[in-house]
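A.B. asks: My questions concern the predicted model and sequence given below.
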Amino acid sequence: IFNFLGAISVDLGQDRIKPYLPTILTPLYRELNSTYAEQDPTLKNLSQEIIELLKKLVGLEAFSLAFSSVQKQANQKRAMRKKQRALQAVANPDIAARRKLKRHKNKEETRKRKIESLRPMYKAKRRRSHALKDLAMVE
């Protein structure tokens, strides 16, 4: 998709690409700022190359305006999600408690995996049963 965005940008040219610039920059910005553990470095490099291409194509000023608008929009969405999560903790304490328990359980499992990888001789104690209640969020 990134290759497609770059090809379309070059094909449309400097004047016709400007209205679509924020739309094109949104996935590129998201890829550059993602913090996923299994992130593909080639994808990040490709998005950086396409951003450089767009910068040369439309000029620094137009690019900066579009990029800052995309950045501002992403920050607003992030803040809105954070605010909704905080409100949900107050409005629905049972859902928030389940989420907290699930997060704690995942953290515990991650810690055990980390210890096992650092010390292969050590085997962390893990839960045995694979019942339906273990698949649920709350036990």
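C.D. replies: Perfect, I can see it now.

A.B. asks: Which secondary structure state is assigned to the residue nearest the centre of the chain?
C.D. replies: Centroid check for the chain by CA atoms, centre = their mean gives Ser34 as the closest residue, at 4.4 Å. Counting by DSSP: H, G, I helix; E, B strand; the rest coil, the backbone at Ser34 sits in coil.

A.B. asks: For it, give me the pLDDT.
C.D. replies: pLDDT recorded at Ser34 is 83.

A.B. asks: Provide the backbone phi and psi angles at it.
C.D. replies: Here the main-chain torsion angles of Ser34 (degrees, to the nearest 10) amount to phi -70, psi 150.

A.B. asks: I'd like the distance between it and Phe4.
C.D. replies: 19 Å (CB to CB, to the nearest Å). The C-beta positions use only the backbone N, C-alpha and C, and glycine is treated the same way.

A.B. asks: and the residue sitting furthest away from the middle of the chain, what helix or strand is that in?
C.D. replies: What lies farthest from the middle of the chain is Met121; by CA atoms, centre = their mean that is 35.2 Å. Taking DSSP states H and E as the definition, Met121 sits outside all helices and strands.

A.B. asks: For Val138, give me the pLDDT.
C.D. replies: 53.

A.B. asks: do Gln76 as well
C.D. replies: At Gln76, pLDDT is 97.

A.B. asks: Neighbours of it, how many?
C.D. replies: 10 (other CB atoms under 10 Å).

A.B. asks: Find the helix or strand that it is a member of.
C.D. replies: Going by DSSP H and E, Gln76 is in helix 60-91.

A.B. asks: Now do stretch 14-23, average pLDDT.
C.D. replies: Rounded mean pLDDT across stretch 14-23 is 91.

A.B. asks: cool, stretch 88-103 as well?
C.D. replies: 90.

A.B. asks: With Asp40 as the reference, measure out to the residue nearest to the centre of the chain.
C.D. replies: Noted for Ser34: a distance of 10 Å to Asp40, by CB to CB.
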